[in-house]
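Asker: based on what follows, work out the 3D shape:
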Amino acid sequence: MKSNILVVDDEPVARQSLTDILKLEGYFVVSVSNGQAAVEHIRTRAVDLMIVDLRMPGMDGLEVIQVVNQTSPDTEIILLTAYASTESAIQALRLRIHDYLLKPASPTQILASVRKGLERRERSRSAGAAGGESAQDVYALKDGCEVDLARRQIKWKNKIESLTPAEGRLLRILMENKKKVFSHRELVLLVQGYDTSQREAPEILRPLVSRLRHKLEIFPALADKVVSVRGTGYVYEGE
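Answerer: Model prediction:
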């Protein structure tokens, strides 16, 4: 059965080139020229993998990724960027996507990334069909505390705490990268889906971190684990 791939790029030549390369390999490909069209397509049709450009007028690639992660979490995502200056942000975004490629990517690079993404999706679906939980979704901590990031719930003894989507994304990023320090700007980009200045980022992030910490306080295995790094950002210290 052919895999369904969505190409999202506002540049006609790049969009057509990607489409042709993928069709020649036997994939079923749909291409759209903007983020809004991509979101509308993926809300009504099954998409196995999406290739999306970072910089587009209107709804950009980051905003598209945030919506797709909520509405179609099984869809693998490859991000395209022509802007090497955003490299640190892209490295952080790898937490939320399968891969990123710098333009102009060669057909060999594109096809290799697509194959790996589709293979990863198939493994994930097979694990789900077998009734298993994804290792990155459920964390069993000390004293029987369980963090279920897919359901955005924390359980311990008779206590259950639910997280908002933004709180869940923030906790996932931190827990999946224990001991790694994230800057305020990187976390705003990953959690909220937009870029901001280094000056504004702490103000945007502070209320969200405060709410999350308040919810974690009742769980001994998580209390005080989201740590501020003065002048930089936050880190999850773990057990």
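Asker: low-confidence ranges in this structure?
Answerer: Within the chain, the segments meeting pLDDT under 70 span 1, 83-96, 125-136, 193-195, 239.
Asker: what residue in it is the furthest from its centre?
Answerer: Distance from the C-alpha centroid of the chain peaks at Asn158, with 31.2 Å (CA atoms, centre = their mean).
Asker: I'd like to know which elements the helix or strand where Ile21 lies is packed against.
Answerer: Ile21 is part of helix 12-24, with elements assigned from DSSP states H and E. Applying 3 or more CB pairs under 8 Å, 6 or more residues apart in numbering; DSSP states H and E, one finds that helix 12-24 contacts strand 4-8, strand 28-32, helix 107-129. Every residue, glycine included, has its C-beta placed from N, CA and C.
Asker: neighbours of His98, how many?
Answerer: His98: 20 surrounding residues under other CB atoms under 10 Å.
Asker: list the contacts for it?
Answerer: By CB atoms under 8 Å, 6 or more residues apart in numbering, the residues touching His98 are Leu49, Glu76, Ile77, Ile78, Ser113, Lys116, Gly117, Arg120.
Asker: repeat that for Ala37.
Answerer: Val8.
Asker: figure out how far stretch 226-239 is from the centre of its chain.
Answerer: Remark: stretch 226-239 is offset 20 Å from the chain centroid, using CA atoms, centre = their mean, to the nearest Å.
Asker: identify the residues contacting that stretch?
Answerer: Residues contacting stretch 226-239 (CB under 8 Å, 6+ apart): 141-142, 171, 174-175, 177-187, 205, 209, 212-213, 216, 221, 224-225.
Asker: filter those down to the buried ones.
Answerer: Neighbour counting by 16 or more other CB atoms under 10 Å classes 141, 171, 174-175, 182-187, 205, 209, 212-213, 216, 221, 225 among the contacts of stretch 226-239 as buried.
Asker: so the closest residue to Leu141 other than its chain neighbours: helix, strand or coil?
Answerer: Using CB to CB, 6 or more residues apart in numbering and skipping the chain neighbours, the partner closest in space to Leu141 is Ala221 (3.8 Å). Here Ala221 is coil, with the state taken from DSSP: H, G, I helix; E, B strand; the rest coil.
Asker: might one say that Ala221 is in contact with Asp143?
Answerer: Yes. Taking CB atoms under 8 Å as the definition, Ala221 is a contact partner of Asp143 at 5.8 Å.
Asker: shared neighbours, those two?
Answerer: Residues touching both Ala221 and Asp143 by CB under 8 Å, 6+ apart: Trp156.
Asker: now Ser113. Nearest residue, chain neighbours left out?
Answerer: Using CB to CB, 6+ apart, the closest residue to Ser113 is Asp99 (4.7 Å).
Asker: next, count neighbours for that neighbour.
Answerer: Asp99 - counted by other CB under 10 Å - has 19 other residues nearby.
Asker: check Gln70 too.
Answerer: Around Gln70 there are 10 other residues, counting by other CB under 10 Å.
Asker: domain parsing for this protein?
Answerer: What automatic domain parsing lists as the domains of the chain is 4-129, 138-236.
Asker: please tell me how far Lys2 sits from Pro165.
Answerer: Distance of Lys2 to Pro165, computed by CB to CB, to the nearest Å: 32 Å.
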